[in-house]
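Engineer: here is a sequence together with a model predicted from it:
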Amino acid sequence: MIVTFILDGTSHRIDTHSLTPLSRILKDDLDVAEFAEPCGSGQCGFCLVWYNEEPVNACLVPAFRLRGTEIYTAGGLQKLGHLHDIEQALADTGFAPCASCRDPLLILMYSLVLKDGDATAAEVLDALRPLTCECHDFTTLRDTLHLAALYRRRRIHGA
Amino acid sequence: MAPRDSVSATSPTTPRVFIPDNLQGVFNLFRRHPNAEVVGGGTFLLPRLRLGEATPPPALISIGHIEELRRVTRSDRHLDVGAAAPLSKVLSLGVHILPPAIRDALMDLAPAPVRSLATLGGNLGNPRARMTLFPVLALFGARVELRRGGVSRWVTLQNLYDRNGDKTFDDGELITRVRIPLSDWDKQLHYRDGSWRDRGLVFCGMARLQKNILTELRVAAANHGVSMYRSREMEADLAGRKLPLSSRDRNLAMDHLDNLMSDNGNPFDMIHVHKIRGLVLRLLDLLDEGAS
C-alpha cells in the first residue's frame, strides 16, 4: 500500500506491506533511525518515536496507520532544535545514557518536559517503565528533567 | 461521505485495509466484509502476528482516526469514552476527574508509549487483554454502547460476555462508547501484579461509607481468565455494618472469600488466592481507617 506521512519535517511517500511496522520502515526503507533491535511487542522501548505529539513504540504501529501522521525520531527532534533544553540539562548533570537508551530517553523526557515541566516522581517512574537498562537511574533522570523544564521556562517566559 | 477503500491486496497474507472516514463507512464496510477485523489502536495486532498467535485477517477496518470514536466527554454523572480514544487521552482528564481505581488500572495497563496507542474498545474487545480493565470498570457499573448501522443499544459491561467469555453481541455490532458512572466511592483499591504483558492478578475493591457505616462494598478479582470473580455474598453481608469492623465481620468476609475461592472453576492458583486474601484484608483495613 502507498502511505504518505511526515518524518522529521519531510514528507515521505512509500510503497510497503500494510502490516509492516513503522520501526522496520524507519530502519530498512528510510534508513533514518539507528534503533537497537526492538522487541516487536512494545516492551523494550528502544524504538520510541514522537508520533502525532505523543511517544509511541514504532514496532506497534503498522504501516496502514501512518497515513497523514507526523513523526519525529530523536535525531529529527534534535536537528530541529526541540531538544535543546534537554541536551543542556544532560550536559549540566553529566547524565550520559548508553547508546541504546539515549534516543528513547530523549523522547520520553521531551514528552514529560512538554507536558507540565515539573514531572512528579510517579510520572518519572512511569516514563522509565519501558527502559530497564542500568545506564540510568530515577534520581538523575528526575534532576535532569527538572533542570530541562527550568531551562524551557526561562527560554519561553524569560528569567 | 463514502469510505475510502485504501489498499488492495498484494499477497494472500496481506489483508485488505480499509480506512473509512466515519462510522457509517465502518458499517457499510462491515456489510460488505463480514469477516473483517476492526482495529483501533492495534497494539495487539503486530505482536500477535509476529509471535504466530494469529494469521492476518482477510480484511482490516481501521477506526483509530474516526473522530466520533475518539471523543472523551463528561457530565456531572458520567464519563463517555469513545471506543477508539487512546488511553492517554482518558488519563489526561487528571486526578480530579478520573476515579483513583480507574486511573490506577489505566496506568498499570501499559507504559505511556503503549497507552498513546491502546484504546478502551480494543481492550474490552480483546479476550487476552480484557480482564485488565474489565473488573474495575464493571464494579463502577460501566455500560457499553453497541451500534450497528443507525441502531444503538446500551448493555452493562457484565452482560457483554457470558460466563464462558463468549461475546453476547451480534456479529456486525461494534463497541462504540463506554459510559463510566462518576459516582463517589469513598474508598478505592486497585492492584495488579506482574509486568504489563504478564497474565497476572487484577484486584479491585471499592466502598461507600456514611457516618461510620459501610453502606456499599464491591470487590472483584480476575487473572486474565474469561471472567471475573466477585463475592456478592460478602458484599451483601458487610453492607450496613458499623466501622471499624468487628473481628466477627472480618471472619465473615474471609469465610465468603474462601467459599468463592474453593469453587472448582476458579482460575486462581495458590499464590493468587493468598494474594487475594491479603488484598481483601488490606481493603478492610482501609475501611477502618478514620473510623472512630
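Structural biologist: It's in.
Engineer: which parts of chain A sit against chain B?
Structural biologist: Chain A comes close to chain B at residues A:1-2, A:17-19, A:21, A:40-43, A:45, A:48, A:51, A:54-57, A:59-62, A:64-65, A:67-68, A:108, A:111, A:126-127, A:129-130, as judged by CB under 8 Å from any CB of the partner chain. C-beta coordinates here come from the backbone N, C-alpha and C atoms, glycine included.
Engineer: filter these to the buried ones?
Structural biologist: Those of those that meet the buried threshold are A:1, A:17-19, A:21, A:40-43, A:45, A:48, A:51, A:54-57, A:59-62, A:64-65, A:67, A:108, A:111, A:126-127, A:129-130, by 16 or more other CB atoms under 10 Å in any protein chain shown.
Engineer: please name every helix or strand in contact with the longest helix seen in chain B.
Structural biologist: Secondary structure assigned by DSSP state H gives helix B:270-288 as the longest helix of chain B. Applying 3 or more CB pairs under 8 Å, 6 or more residues apart in numbering or on different chains; DSSP states H and E, we find helix B:270-288 packed against strand B:187-192, strand B:202-210, strand B:213-222, helix B:247-261.
Engineer: pull the helix or strand with minimum mean pLDDT from the chain.
Structural biologist: This is for chain A. helix A:121-128 (a mean of 81; mean pLDDT, DSSP states H and E).
Engineer: that's the other chain; I wanted chain B
Structural biologist: Least confident helix or strand, chain B: helix B:45-50 with a mean of 87, by mean pLDDT, DSSP H and E.
Engineer: elements contacting the helix or strand following that one?
Structural biologist: Using DSSP states H and E, the next helix or strand after helix B:45-50 towards the C-terminus is strand B:59-62. Contacts defined by 3+ CB pairs under 8 Å, 6+ apart place strand B:59-62 against strand B:16-18, helix B:23-32, strand B:37-39.
Engineer: return the set of buried residues in strand B:59-62.
Structural biologist: Buried residues in strand B:59-62, counted by 16+ other CB under 10 Å: B:59, B:60, B:61, B:62.
Engineer: neighbours of the nearest residue to the first one once chain neighbours are set aside, how many?
Structural biologist: By the measure of CB to CB, 6 or more residues apart in numbering or on different chains, the closest residue to residue B:59 outside its immediate chain neighbours is residue B:36, 3.9 Å from it. Taking other CB atoms under 10 Å in any protein chain shown as the criterion, the count of residues near residue B:36 is 19.
Engineer: still on that earlier bit, among the helices and strands packed on strand B:59-62, which is the most enclosed?
Structural biologist: Burial among those, expressed as mean neighbours by mean count of other CB atoms under 10 Å in any protein chain shown, is greatest for strand B:16-18, which shows a mean of 23.
Engineer: distance from it to the middle of the chain?
Structural biologist: 27 Å (CA atoms, centre = their mean, to the nearest Å).
Engineer: right, is that strand up against chain A?
Structural biologist: Yes: using CB under 8 Å from any CB, we find that strand B:16-18 touches chain A at residue B:17.
Engineer: packing partners of that strand?
Structural biologist: Using 3+ CB pairs under 8 Å, 6+ apart, strand B:16-18 is in contact with strand B:59-62.
Engineer: and the pLDDT at the residue nearest the centre of chain A?
Structural biologist: The structure's chain A has its C-alpha centroid closest to residue A:107; by CA atoms, centre = their mean the separation is 2.3 Å. pLDDT recorded at residue A:107 is 94.
Engineer: now it: closest residue in space, sequence neighbours ignored.
Structural biologist: Distances taken as CB to CB, 6+ apart place residue A:48 nearest to residue A:107, at 4.4 Å, with adjacent residues excluded.
Engineer: circling back: want to throw the helices and strands packed on helix B:270-288 into JSON lines with mean neighbour count and distance to residue B:230?
Structural biologist: Putting the helices and strands packed on helix B:270-288 into JSON lines (neighbours: other CB atoms under 10 Å in any protein chain shown; distance: least, CB to CB, whole Å) gives the following:
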{"stretch": "strand B:187-192", "mean neighbour count": "21", "distance to residue B:230": "14"}
{"stretch": "strand B:202-210", "mean neighbour count": "22", "distance to residue B:230": "10"}
{"stretch": "strand B:213-222", "mean neighbour count": "22", "distance to residue B:230": "4"}
{"stretch": "helix B:247-261", "mean neighbour count": "16", "distance to residue B:230": "8"}
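Engineer: got a markdown table for those, with distance to chain A too?
Structural biologist: Compiled in a markdown table, these are given as follows (distance: least, CB to the nearest CB, whole Å):
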| stretch | distance to chain A |
| --- | --- |
| strand B:187-192 | 13 |
| strand B:202-210 | 18 |
| strand B:213-222 | 22 |
| helix B:247-261 | 30 |
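Engineer: any chance of these in TSV, plus mean pLDDT?
Structural biologist: Below are those laid out as TSV (pLDDT from 0 to 100):
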stretch	mean pLDDT
strand B:187-192	95
strand B:202-210	95
strand B:213-222	96
helix B:247-261	94
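Engineer: closest to residue A:27 out of these?
Structural biologist: Closest of those to residue A:27 is strand B:187-192, at 33.2 Å (criterion: CB to CB).
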